[in-house]
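**Q** below are the sequence and a predicted model for it; my questions follow.
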Amino acid sequence: NAGVMQNPRHLVRRRGQEARLRCSPMKGHSHVYWYRQLPEEGLKFMVYLQKENIIDESGMPKERFSAEFPKEGPSILRIQQVVRGDSAAYFCASSIYAQGVEAFFGQGTRLTVV
Amino acid sequence: GQQLNQSPQSMFIQEGEDVSMNCTSSSIFNTWLWYKQDPGEGPVLLIALYKAGELTSNGRLTAQFGITRKDSFLNISASIPSDVGIYFCAGPLMDSSYKLIFGSGTRLLVRP
């Protein structure tokens, strides 16, 4: 049973470009969470999605950031017009039940904006 | 808002030594989680605590849920080189069962 798969593992974007981060949850998991980790800090909650629904996006910046979890395919975190401050590790987690406590994390995507 | 304070921030230890780290908050938590993050990887759940006073072990790791529900402790016995990494405490925010808040981590460095 594969774990949470994130790709790409590393992503370099120039300022102003778009970044698309993908997350395939564990098999049977329908709840997906995205977290951001800045260097030397803990993870910070961004958004919680179920299939085709955004449940809670209170941790996500209002502009340039969006997330989706379509009926088919991976969850996508999209950052438009990236800026240097977006450089961070972005982690996805998934769970069977609607609580992040039993969530499993992926290996993350490290975004570098140059 | 709720915050988690971890100490120490980092520590060097000699292989074979026992390690203690803690996590405190001014707010009450109903669940305490301890994760380990290796360089370039995602966090891996080590121990979950669900009841005040609970003491739970996972191999050489032991964690306790403080009686006041405002703190938790993680102990590692007989440390080995593969214990190197960052240890995070975390817990769900009071208004949510799924939104985890993380401490800033304790970085463990082992001298072989």
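**A** Noted; the coordinates are in hand. Note that this is a predicted model, so its numbers are computed, not measured.

**Q** number of nearby residues for the residue of chain A at minimum distance from chain B?
**A** Closest residue of chain A to chain B, CB to the nearest CB: residue A:42 (3.2 Å). Where C-beta positions appear, they are placed from N, C-alpha and C, glycine not excepted. Residues contacting residue A:42 under the criterion other CB atoms under 10 Å in any protein chain shown number 22.

**Q** do the same with the one 3 residues further on
**A** Other residues lying near residue A:45 total 24 when counted by other CB under 10 Å.

**Q** and the residue nearest to it when sequence neighbours are not counted, which helix or strand is it part of?
**A** Nearest residue to residue A:45 in three dimensions, chain neighbours excluded: residue A:59, at 4.2 Å (CB to CB, 6 or more residues apart in numbering or on different chains). Assigned by DSSP states H and E, residue A:59 belongs to neither a helix nor a strand.

**Q** how about the residues of chain A by chain B?
**A** A:4, A:31, A:33, A:35, A:40-45, A:48, A:56, A:58-59, A:91, A:95, A:98-108, A:110 (CB under 8 Å from any CB of the partner chain).

**Q** any of these buried? List them.
**A** Among these, the ones that count as buried by 16 or more other CB atoms under 10 Å in any protein chain shown are A:4, A:31, A:33, A:35, A:42-43, A:45, A:48, A:59, A:91, A:95, A:99-108, A:110.

**Q** okay, and which of the residues you listed map to strands?
**A** A:31, A:33, A:35, A:43, A:45, A:48, A:91, A:95, A:104, A:105, A:110 (DSSP state E).

**Q** in the sheet, who's paired with the fifth one?
**A** Beta bridges link residue A:45 to residue A:35, judged by DSSP bridges.

**Q** on that earlier part again, from the ones in strands among the buried ones among the residues of chain A next to chain B, pick the one nearest residue B:27.
**A** Distance to residue B:27 across these (CB to CB) is lowest for residue A:45, with 15.7 Å.
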